[in-house]
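Student: Just a sequence and a predicted model for now, questions to come.
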Amino acid sequence: MCLAIPSKIVKIENTLATIDVEGVRRDVSILLLEDAQIGDYVIVHAGFAIHKIDEAAARESLQLLREAVSMMEN
């Protein structure tokens, strides 16, 4: 099973983007996206950004994930 977590692009160099999720950063390939830009939210699978997602949907998904984690911690 794969959990798709929206990630924000914070830096782009050639075909690599640095993404950020809650302060955790990693580099991913953006070869599969035509027009990735800094500030875009993307879904990442196996080290590749595979789909852009709008900011409102990304924020909603991240909030739901935060709520799920907090329920598991209690």
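Tutor: Yes, it's here. Please read these numbers as outputs of a predicted model, since none were measured by experiment.

Student: Name the helix or strand for residue 70, please.
Tutor: Element membership of residue 70 [criterion: DSSP states H and E] is helix 55-73.

Student: Who are the packing partners of that helix?
Tutor: Counting contacts by 3 or more Cβ pairs under 8 Å, 6 or more residues apart in numbering; DSSP states H and E, helix 55-73 is packed against strand 41-45. (Each C-beta comes from the backbone N, C-alpha and C, glycine too.)

Student: so what does the strand it packs on touch, helix or strand wise?
Tutor: strand 7-13, strand 16-21, strand 48-53, helix 55-73.

Student: go again using 6 Å as the cut-off
Tutor: Judged by 3 or more Cβ pairs under 6 Å, 6 or more residues apart in numbering; DSSP states H and E, strand 41-45 is in contact with strand 7-13, strand 48-53.

Student: quick one, the helix holding residue 70 and strand 41-45 angle?
Tutor: 60 degrees (axes from the mean of the first three to the mean of the last three Cα atoms, to 10 degrees).

Student: Now mean neighbour count, mean pLDDT and distance to residue 42 too, for the helices and strands packed on strand 41-45, in CSV please.
Tutor: Shown next, in CSV, are the helices and strands packed on strand 41-45 (neighbours: other Cβ atoms under 10 Å; pLDDT from 0 to 100; distance: least, Cβ to Cβ, whole Å):
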stretch, mean neighbour count, mean pLDDT, distance to residue 42
strand 7-13, 16, 97, 6
strand 48-53, 17, 94, 4
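
Student: Pipe these into JSON lines and attach distance to residue 38 per row.
Tutor: Below are these laid out as JSON lines (distance: least, Cβ to Cβ, whole Å):
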{"stretch": "strand 7-13", "distance to residue 38": "5"}
{"stretch": "strand 48-53", "distance to residue 38": "13"}
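
Student: measure the closest residue to residue 15 other than its chain neighbours to residue 49 for me?
Tutor: Ranked by Cβ to Cβ, 6 or more residues apart in numbering and with sequence neighbours excluded, the top spatial neighbour of residue 15 is residue 31, at 5.1 Å. From residue 31 across to residue 49, the span is 9 Å (Cβ to Cβ, to the nearest Å).
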